[in-house]
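J.: based on what follows, work out the 3D shape:
(chains A and B, ligands or ions: 4)
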Protein chains: 2
Amino acid sequence: MASDEAFVTLATNDSYGLGALVLGHSLRQSGTSRSLAILVTPGVTQPMRNQLSSVYDLVQLVDVLDSQDAANLALLARPELGITLTKIHAWNLVQYKKAVFLDADTLVLQNVDDLFEREELSAVPDVGWPDCFNTGVFVFRPSNQTYRSLIQFAIETGSFDGGDQGLLNSFFSDWATKDIKTHLPFIYNMVATVIYSYAPAFKQFGQNVKIVHFLGSTKPWHQTNASSSSSVVLGDFLQLWWNLFNAHVRGGLEPGLAGLAGS
Amino acid sequence: MASDEAFVTLATNDSYGLGALVLGHSLRQSGTSRSLAILVTPGVTQPMRNQLSSVYDLVQLVDVLDSQDAANLALLARPELGITLTKIHAWNLVQYKKAVFLDADTLVLQNVDDLFEREELSAVPDVGWPDCFNTGVFVFRPSNQTYRSLIQFAIETGSFDGGDQGLLNSFFSDWATKDIKTHLPFIYNMVATVIYSYAPAFKQFGQNVKIVHFLGSTKPWHQTNASSSSSVVLGDFLQLWWNLFNAHVRGGLEPGLAGLAGS
Ligand SMILES: O=c1ccn([C@@H]2O[C@H](COP(=O)(O)OP(=O)(O)O)[C@@H](O)[C@H]2O)c(=O)[nH]1
Ligand SMILES: O=c1ccn([C@@H]2O[C@H](COP(=O)(O)OP(=O)(O)O)[C@@H](O)[C@H]2O)c(=O)[nH]1
Ligand SMILES: [Mn+2]
Ligand SMILES: [Mn+2]
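T.: Numbering: from 1, shown residues only, chains lettered A, B, ... in the order given. Ligands and ions are numbered 1, 2, ... in the order given. The predicted model follows:
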């Protein structure tokens, strides 16, 4: 499906590729009218790229340090920022006028095409320090100029948390104070851990969740089976992930790739 | 010091009274030009009320179920809301045009009189579900009409978390989406636990903190000594609390009250 607007995700290896496959199917299931694009690095194998092509309209290979422009050369002096900056490549997808970035560890439960009504940079507050936005879901405008500014900013300022979230929050530093419309409702990036941290609010508002984010070190594809989760509710979200995986992803995978899930 | 604006807190027993004493001294130390008021219930002993009078300009006795008006009578059918609604009594302090409520487990580190430039209802996002505000610090306009509406709303709707935070968020339900100016910076109500949950952000922004909130079941007055805390940084905030307690509070307390701290 062609569109000048797209959902964009990222995978630097086959494990995150599994997440991206499930995410892509969840977006298709939501009935989106927008394009689906994924950035992959050389760490993603060809068989995985083939699978990704079956659900994503665009599979774009990126490699920060291969580029020849001056800003990227300066980055060679800051190798620790390499993985962080891969996400920044999304700004180079200028074939799209507007885009929504989604982490590969997110799952779309309901249609979220209304996100394209928002402007750059729209995102959900981070539950760690809520004057920062969480970079698992954000609306942005692809632009080579913004990409270059971000790279320049990264070289000069670095990232206070060593990742893309610190960098993007320092760059879009007026997010917390400028315009309420850039504050997306939390149901567009509900961090699965709130089920524990404020259970009554989850009970009150949880049925409206549109995107769940499996933030943290244990990803859905690391768990053999959803019922092993300590929480029934979290288990429900994991089950949705595995249902999509089993229905749409597992059958198409080579044994080597399929074996990554649950390991 | 008289003013038509006030900081307001609440204690329903002598333990929270200790917190209120330290909070009151921290406000005085911040050089505030506003009045200090505290709501107390009959559970606060006379010796504690005397101590509170030495730092608060107004010590106001409140008792929800004693009142004769119809709304409060209806509350007799909802006894579980009793403690929740005590905080709501702050709206009856109509001798003040504007007020800032502070939980008794907060500590003011820098002058925060600029909070009075904000309008009702201004507050910080809650780190559990950030489309809700945290009710440990909020700006409001005392009004008997608002008080009655809140009581009526409580009777009809209850509180989704059983506390004042659920009630106030349902009542001021457009907070998340209406006006960015009602979103106070997180440094006006920094929940002490962020030191663990997003340490790099605390490192980046923590030196600006104006109010720290010891949210959760372990309060400063429960800890015998700050260095027993598992975190050096959290220990620093606890030490500030104990420094104020030792310098300004402990000496004036009867042995029975002094013994509450650290027990
Ligand atoms: O080794 C990695 C780490 C991260 N990512 C991408 O970067 C996003 C952010 O990382 P992650 O979701 O693991 O961080 P968290 O949300 O848990 O903080 C992932 O969802 C992936 O899209 C990736 O492709 N490979
Ligand atoms: O038994 C109680 C419980 C609460 N409070 C008051 O209500 C506020 C909110 O409760 P708490 O701070 O314990 O809740 P938390 O911030 O930990 O959720 C306290 O700071 C006190 O001002 C009180 O006076 N007595
Ligand atoms: Mn993520
Ligand atoms: Mn509190």
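
J.: and the residue nearest the centre of chain A?
T.: Taking CA atoms, centre = their mean, the centroid of chain A lies closest to residue A:103, which sits 1.4 Å from it.

J.: so how far is residue B:18 from that residue?
T.: Between residue A:103 and residue B:18 the distance is 45 Å, computed by CB to CB, to the nearest Å. No exception for glycine: its C-beta is placed from N, CA and C like everyone else's.

J.: before we move on, back to that, next, the contact list for the residue nearest to the centre of chain A, please.
T.: By CB atoms under 8 Å, 6 or more residues apart in numbering or on different chains, the contact list for residue A:103 reads A:9-10, A:19, A:135-137, A:213, A:215.

J.: pLDDT at it, what is it?
T.: On pLDDT, residue A:103 comes in at 96.

J.: measure it to residue A:196 for me?
T.: In terms of CB to CB, residue A:103 sits 20 Å off from residue A:196.

J.: what does residue A:93 give?
T.: From residue A:93 over to residue A:196 (counting by CB to CB), the distance is 36 Å.

J.: just residue A:184 next, same as before
T.: 22 Å.

J.: compare these two and say which one has the larger neighbour count.
T.: Each of residue A:184 and residue A:196 has its neighbours counted (other CB atoms under 10 Å in any protein chain shown); residue A:184 has more, 24 against 13.

J.: is it correct that the more buried one is in contact with residue A:118?
T.: Yes: counting by CB atoms under 8 Å, residue A:184 touches residue A:118, with 6.8 Å between them.

J.: which positions in the stretch 1-150 of chain A make contact with ligand 1?
T.: Within the stretch 1-150 of chain A, the residues that sit near ligand 1 (CB under 6 Å from any ligand atom) are A:9-13, A:16, A:103-105, A:136.

J.: CSV please, covering these and showing secondary structure and distance to residue B:156.
T.: What follows is these, written out as CSV (DSSP: H, G, I helix; E, B strand; the rest coil; distance: CB to CB, whole Å):
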residue, secondary structure, distance to residue B:156
A:9, strand, 44
A:10, strand, 47
A:11, strand, 50
A:12, coil, 52
A:13, coil, 53
A:16, helix, 48
A:103, coil, 40
A:104, coil, 44
A:105, coil, 41
A:136, strand, 37
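
J.: most surrounded residue in the residues you listed?
T.: Going by other CB under 10 Å, residue A:9 tops those with 27 neighbours.

J.: what about the residue nearest to residue A:94 when sequence neighbours are not counted, neighbour count?
T.: Spatial nearest neighbour of residue A:94, excluding adjacent residues (CB to CB, 6 or more residues apart in numbering or on different chains): residue A:142 at 4.7 Å. If you count neighbours by other CB under 10 Å, residue A:142 ends up with 20.

J.: how deep is the residue of the stretch 101-250 of chain A found nearest ligand 4 tucked in, by neighbour count?
T.: Across the stretch 101-250 of chain A, the shortest distance to ligand 4 (CB to the ion) belongs to residue A:198, at 14.1 Å. Residue A:198 has 21 neighbouring residues, counting by other CB under 10 Å.

J.: dump the residue contacts of the closest residue in space to it that isn't next to it in sequence.
T.: The shortest distance from residue A:198 to any non-neighbouring residue, by CB to CB, 6+ apart, is to residue B:128 (2.6 Å). Applying CB under 8 Å, 6+ apart, we find residue B:128 in contact with A:127, A:194, A:197-198, A:201.

J.: from residue B:166, how far off is residue B:128?
T.: 11 Å.

J.: identify the contacts common to these two.
T.: Shared contacts of residue B:128 and residue B:166, defined by CB under 8 Å, 6+ apart, comprise residue A:201.

J.: pLDDT at residue A:71, what is it?
T.: For residue A:71, the predicted pLDDT is 58.

J.: could you pull up phi and psi at residue A:7?
T.: Main-chain torsions, residue A:7, degrees, to the nearest 10: phi -90, psi 140.

J.: wait, isn't it in contact with residue A:98?
T.: No: counting by CB under 8 Å, residue A:7 stays clear of residue A:98, with 10.7 Å between them.

J.: more neighbours: which of the two?
T.: Between residue A:7 and residue A:98, counting by other CB under 10 Å, residue A:7 is the more crowded of the two (28 against 19).

J.: is the more buried one bridged to anything, and to what?
T.: residue A:36, residue A:100 (DSSP bridges).

J.: what sits against it?
T.: The contact partners of residue A:7, taken as CB under 8 Å, 6+ apart, are A:27, A:32, A:34-37, A:99-102.

J.: who wins for most neighbours among those?
T.: Greatest neighbour count in the contacts of residue A:7, by other CB under 10 Å, goes to residue A:102: 29 neighbours.

J.: what residues are up against it?
T.: A:7-9, A:23, A:108, A:136-137, A:211.

J.: for the residue nearest to the centre of chain A, grab phi and psi.
T.: Torsion angles, degrees, to the nearest 10, at residue A:103: phi -60, psi 150.

J.: do residue A:212 as well
T.: phi -110, psi 140.

J.: just give the number of residues close to it.
T.: Burial of residue A:212 is recorded as 27 neighbouring residues (other CB under 10 Å).

J.: I figured it was touching residue A:237, is that so?
T.: Yes: contact criterion CB under 8 Å: residue A:212 and residue A:237 qualify, at 5.0 Å.

J.: what do those two both touch?
T.: Contacts common to residue A:212 and residue A:237, judged by CB under 8 Å, 6+ apart, are A:107, A:192.

J.: buried residues in the helix or strand residue A:154 falls within?
T.: Here residue A:154 sits within helix A:144-157, counting by DSSP states H and E. Judged by neighbour count (16 or more other CB atoms under 10 Å in any protein chain shown), helix A:144-157 contains these buried residues: A:146-148, A:150-151, A:153-155.

J.: output the contacting helices and strands for it.
T.: helix A:70-75, helix A:82-86, helix A:164-171 (3 or more CB pairs under 8 Å, 6 or more residues apart in numbering or on different chains; DSSP states H and E).

J.: mean pLDDT lowest for which of the ones you listed?
T.: Mean pLDDT across the helices and strands packed on helix A:144-157 is lowest at helix A:70-75; the value there is a mean of 58.

J.: quick one: residue A:108 from residue A:209, how far?
T.: 10 Å.

J.: repeat for residue A:196
T.: Plainly put, residue A:196 is 15 Å away from residue A:209 if you go by CB to CB.

J.: residues contacting the residue nearest to residue A:171 when sequence neighbours are not counted?
T.: Once flanking residues are discounted, residue A:171 sits nearest to residue A:153: 5.2 Å by CB to CB, 6+ apart. If you count contacts by CB under 8 Å, 6+ apart, residue A:153 has them with A:167, A:170-171.

J.: for the stretch 1-150 of chain A, which residue gets nearest to ligand 3?
T.: Closest point on the stretch 1-150 of chain A to ligand 3, by CB to the ion, is residue A:103, at 3.5 Å.

J.: now residue A:185: how far from ligand 1?
T.: 19 Å (CB to the nearest ligand atom, to the nearest Å).

J.: revised request: answer the last question for residue A:199.
T.: Distance of residue A:199 to ligand 1, given as CB to the nearest ligand atom: 21 Å.

J.: what residues does chain A have near chain B?
T.: Within chain A, the positions near chain B by CB under 8 Å from any CB of the partner chain are A:124-132, A:160-162, A:166, A:176-180, A:183, A:185-186, A:194, A:197-198, A:200-205.

J.: can we see that at 6 Å?
T.: Contact residues, chain A versus chain B (CB under 6 Å from any CB of the partner chain): A:125, A:127-132, A:160-161, A:180, A:185-186, A:194, A:197-198, A:200-201, A:204.

J.: following the helix or strand harbouring residue A:39, which helix or strand shows up next?
T.: Assigned by DSSP H and E, residue A:39 belongs to strand A:35-40. Per DSSP H and E, the first helix or strand lying C-terminal to strand A:35-40 is helix A:46-55.

J.: buried set for that following helix?
T.: Within helix A:46-55, the residues that count as buried by 16+ other CB under 10 Å are A:48-49, A:51-52, A:55.
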